[in-house]
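Could you look at this predicted model? Sequence included:
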Amino acid sequence: MKKKFMKWFKPVKNVILSPKRFFTKIVADGDMEESMLKAFMYGLVGGLMVLCINLIGGATITITSVFSALIITPVLAVTLLFVMGGLMMLVSEITGGERDWEIAIKSLASVFFVYPVILVLNALAFNCVSMWTVSLLGDIYVLFLFYNIALYCMRGRRVAVIIVVVIFAVALISVYLSNYQLGWFMLKNTGAALSCVL
């Protein structure tokens, strides 16, 4: 059990402490099942943690909320993995990087530990200000990871990768400074998002 835990925890530590070294070592070896399992398990952990937070907060636990935590959130995580994989391939094409689908999926799966963390932090937001802060910090960190993957794993040209990340950042800022932020927050925490309009 300890070996399995360390096998999953060590990459998380390496991504946080030395992303450049970690991402440059990712190679295609024909094994994508583990990447999909990682995304599913992180989604499951996130769903269960949000369910527990809601239960502690006094929310009524329904069959729908349990189904969402155990099935929808993990499946959504795997779906998100492949959607982001497609986006990473597009970015790689633009920046002159690797055109390898497996490397893109593996690199993204290695950072999916962020998924349950973001789910939990968004669930803990209790008003508009906390929702805005948590959401912005989470999005900035995701952009940082995206930059590292595009540069060190997919081996895109540095200047081109920076330009693409800046474009994403500008798009993100425009969402936060417009009325679209409410819709973005509603996806993350409906109760906290509604406090933005009260």
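Arrived safely, thanks for sending.

shaky segments in this protein?
Along the chain, the model assigns pLDDT under 70 to residues 1-8, 198.

Could you state which residue of it sits nearest its centroid?
Most central in the chain under Cα atoms, centre = their mean is Y115, positioned 4.4 Å from the mean C-alpha point.

list the contacts for it?
A39, Y42, G43, G46, A77, L80 (Cβ atoms under 8 Å, 6 or more residues apart in numbering). For glycine as for every other residue, the C-beta is placed from the backbone atoms N, C-alpha and C.

how close does the nearest residue to the fifth one once chain neighbours are set aside get to N122?
Taking Cβ to Cβ, 6 or more residues apart in numbering, and ignoring the residues beside it in sequence, A77 has G43 as its nearest neighbour in space, at 2.8 Å. With the distance defined as Cβ to Cβ, to the nearest Å, G43 ends up 14 Å from N122.

Which one of the two is surrounded by more residues?
Using other Cβ atoms under 10 Å as the criterion, G43 and N122 rank with G43 on top: 27 against 21.

Please identify which helix or strand holds that one.
For G43, the host element (DSSP states H and E) is helix 33-56.

in the host helix or strand of L187, what's buried?
For L187, the element it lies in under DSSP H and E is helix 180-188. Neighbour-count burial for helix 180-188, counted by 16 or more other Cβ atoms under 10 Å, picks out Q181, W184, F185, K188.

now do stretch 138-146
For stretch 138-146, by 16+ other Cβ under 10 Å, it's G138, D139, V142, L145, F146.

roughly how far out does that stretch sit from the chain middle?
8 Å (Cα atoms, centre = their mean, to the nearest Å).

Same question for stretch 191-198.
23 Å.

again, but for stretch 40-49
12 Å.

Restrict it to CA atoms and write it as PDB.
Coordinates of each C-alpha in stretch 40-49 appear next as PDB, following Å, rounded to 0.1, in the frame of the first residue of the first chain:
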ATOM      1  CA  PHE A  40     -10.600   9.000 -13.100                       C
ATOM      2  CA  MET A  41      -9.200   8.500  -9.600                       C
ATOM      3  CA  TYR A  42      -8.400  12.200  -9.000                       C
ATOM      4  CA  GLY A  43     -12.000  13.000 -10.200                       C
ATOM      5  CA  LEU A  44     -13.400  10.400  -7.800                       C
ATOM      6  CA  VAL A  45     -11.300  11.800  -4.900                       C
ATOM      7  CA  GLY A  46     -12.500  15.300  -5.800                       C
ATOM      8  CA  GLY A  47     -16.100  14.300  -6.000                       C
ATOM      9  CA  LEU A  48     -16.000  12.500  -2.700                       C
ATOM     10  CA  MET A  49     -14.300  15.400  -0.900                       C
END
